[in-house]
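Chemist: 3D, please:
(chains A and B)
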Amino acid sequence: MEEYKTLYLSEKDNVAVALSEIPANVSVAIRNNGKEIIVQVLEPIRFGHKFAVRLIKKSEDIKKYGEVIGAAVMDIEAGAHVHVHNLEGKRGRGDKIVN
Amino acid sequence: MQFYGYRRPDGRVGVRNHVLILPTITCATQTARRVTELVSGTVTFIHQHGCAQVGIDYDQTFRTYAGMGKNPNVYGVIVLGLGCETHQANRVATEIAKTNKPVEVVSIQDHGGTLQAIAETAKIAVKMVQDASIVKRELCDFSELIVGTECGGSDACSGLSANPAVGKASDLLVEQGGTAMLAETTELIGAEHLLATRAANDQVAIKAYQIIGAMENRSIQMGVDIRTGNPSPGNLEGGISSLEEKSLGAATKSGSSRLEEIVDYAEVPTKKGLVWMDTPGHDIEQLTGMVAGGAQIVLFTTGRGTPTGSPIAPVIKISTNTPMFERMIENMDLDAGSIVDGKESVDQVGNRILREIQHVANGKLTKAEILKQHDFGIWRIGPTF
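Modeler: So this is what the prediction gives:
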């Protein structure tokens, strides 16, 4: 298995960060506190971008650094790219205010 | 730790020895610029403010002008006005003169126009620059330093490499008795609960929630998604997906020290240790606020790369990733990309940053200084009338 550098910051997190360019359909190991999880990455993940480490259900909080960075706007499969197409920030959302 | 700095009449210590030509009104900025072209040792800044401002917006702009003049990196100031503007040059000069540093005033209207005003300002500047050149550096303690921290053009590495390394440097500076300044309130939205738990007392914790709430409400009142402006397109490209994600990365710049105080924009802290200045996330506006608030040096982390600098304070540019450091080497001072590559620890880079602060305090020029990157921008909080 080719080694792709990743960063999995907290066991509470449901996303990990690619620290190398990861192509589609490869197995990637993510590690935290000596524990290793293998994730089948489904699509290319660019350096610095995030992928789901497990299934994230629609409306579920997305966590990185062990903290909430937004919510899923759709079900996100394990190994899928997580970014603005499926993650919405929850703060500073004046557009969500109904007059 | 110690460094060689310039002791000013008010007791504060500068790491630079500039003569500042300070235009209080946009109408005087081109005249000020021409003086700096004639007289070496002088600096100025270009802006579009100073007239038809009222209330708290007037006060904030006034505090910013005066703070730039009062910053201990400035030996002396020539305040340059047009004459008829709201922000009267004499009033700004009177405030700066409270530091007992040399302050003079020139008015374009009183001197009969642009050319006479240039000549008069340049004549005063020649003497002031020569007087400044006689001042010797003396041994000063790190506790005299206020170091601003900032991140701009962030990428997904910012929260993993350069920002935690600046956090370490910030902790080390605080251990030395110095002051580390956190800012960019917008980019702490979503991380305020972490900072509030580190507050020195309840008042500071409550204020943390208050200023975050006020910043968030501005976007809510405008009926917009804050993400249309922040994270920026470059942040998104770099892998940051939401403001909260950016904030959690930005907050790591504050290290782990106790949060002693929260100050208003361009206000000088009354406490040493870690302080938070309430500024927007806009790079130049927050930089200007921190420098006007007395920061002699600023640490600036960047993932996408940025040239930003201040006319009076050295800005140390720290890259979050090595490819950008190599690509924009003329703008970058230090590389923290070694953390991402597993070659150095956060602590090692933090220590390297602290030593760089010492070098720069002693006189080592930063890239932004060498490239004359004299950025200035005031956080306006009211309309122009």
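Chemist: Let me see the confidence value for the residue most central in space within chain A.
Modeler: Centroid-nearest residue in chain A: A:Val15, 2.8 Å away (criterion: C-alpha atoms, centre = their mean). Note on A:Val15: pLDDT of 97.
Chemist: Quick check: residues of the stretch 101-250 of chain B near chain A?
Modeler: B:155-157, B:159-160, B:186, B:189-191, B:194, B:216, B:219-227, B:230, B:236, B:238-239, B:241-245, B:248-249 (C-beta under 8 Å from any C-beta of the partner chain). The way it works is simple: take the backbone N, C-alpha and C, and place the C-beta from them, glycine included.
Chemist: Please spell out the ChimeraX selection for the buried subset of those.
Modeler: Remark: buried members of these, expressed as a ChimeraX selection using 16 or more other C-beta atoms under 10 Å in any protein chain shown:
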select /B:155,156,157,159,160,186,189,190,191,194,216,219,220,224,225,226,227,230,236,238,239,241,242,243,244,245,248,249
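Chemist: Return the subset of the residues of the stretch 101-250 of chain B next to chain A lying in helices.
Modeler: B:194, B:216, B:219-221, B:236, B:243-245, B:248-249 (DSSP state H).
Chemist: what about stretch B:309-325, start to end distance?
Modeler: 17 Å (C-alpha to C-alpha, to the nearest Å).
Chemist: Give me the buried positions along it.
Modeler: Buried-residue list, stretch B:309-325, by 16+ other C-beta under 10 Å: B:309-322, B:324-325.
Chemist: need the residues of chain A near chain B, please.
Modeler: A:7, A:17, A:19, A:46-50, A:64-65, A:67-70, A:82-84, A:87-97, A:99.
Chemist: Going through those residues, which ones are buried?
Modeler: Buried, going by 16+ other C-beta under 10 Å: A:7, A:17, A:19, A:47-50, A:64-65, A:67-70, A:82-83, A:87-94, out of the residues of chain A next to chain B.
Chemist: how far away is the residue nearest to B:Gly50 when sequence neighbours are not counted from B:Met128?
Modeler: The shortest distance from B:Gly50 to any residue other than its chain neighbours is 3.5 Å, reached at B:Ile25 (C-beta to C-beta, 6 or more residues apart in numbering or on different chains). From B:Ile25 across to B:Met128, the span is 21 Å (C-beta to C-beta, to the nearest Å).
Chemist: what does B:Arg33 give?
Modeler: From B:Arg33 to B:Met128 the distance is 17 Å (C-beta to C-beta).
Chemist: which intervals of chain B have sub-threshold pLDDT?
Modeler: Scanning chain B for pLDDT under 70 picks out no residues.
Chemist: what about the residue nearest the centre of it, which helix or strand?
Modeler: Central residue of chain B (C-alpha atoms, centre = their mean): B:Leu287, 3.0 Å from the mean position. Per DSSP states H and E, B:Leu287 falls inside helix B:283-292.
Chemist: Now do the strands in the chain.
Modeler: Answering for chain A, as no chain was given. A:6-7, A:15-18, A:26-32, A:35-41, A:50-52, A:61-64, A:67-72, A:81-82, A:87-88 (DSSP state E).
Chemist: my question was about chain B
Modeler: B:2-7, B:13-14, B:18-23, B:42-43, B:74-81, B:103-107, B:138-141, B:146-151, B:179-182, B:259-263, B:273-277, B:297-302, B:315-319, B:334-335.
Chemist: what lines up beside the second one in the sheet?
Modeler: What it means is strand B:13-14. Here strand B:13-14 is paired, per DSSP bridges, with strand B:2-7 (antiparallel).
Chemist: who's in contact with the partner strand?
Modeler: B:13-17, B:72, B:75, B:135, B:137-142, B:144-145, B:296, B:358, B:361-363 (C-beta atoms under 8 Å, 6 or more residues apart in numbering or on different chains).
Chemist: tell me which residues of it are tucked away?
Modeler: So for strand B:2-7, counting by 16+ other C-beta under 10 Å, buried means B:3, B:5-7.
Chemist: Looking at the stretch 1-150 of chain B, which residue is nearest chain A?
Modeler: B:Thr149 (18.2 Å; C-beta to the nearest C-beta).
Chemist: What residues of stretch A:48-64 count as buried?
Modeler: A:48-53, A:56, A:62-64.
Chemist: Pull the number of nearby residues for the nearest residue to B:Arg198 once chain neighbours are set aside.
Modeler: Leaving out its chain neighbours, the residue that sits closest to B:Arg198 by C-beta to C-beta, 6+ apart is B:Leu259, at 4.8 Å. The number of residues packed near B:Leu259 is 23, by other C-beta atoms under 10 Å in any protein chain shown.
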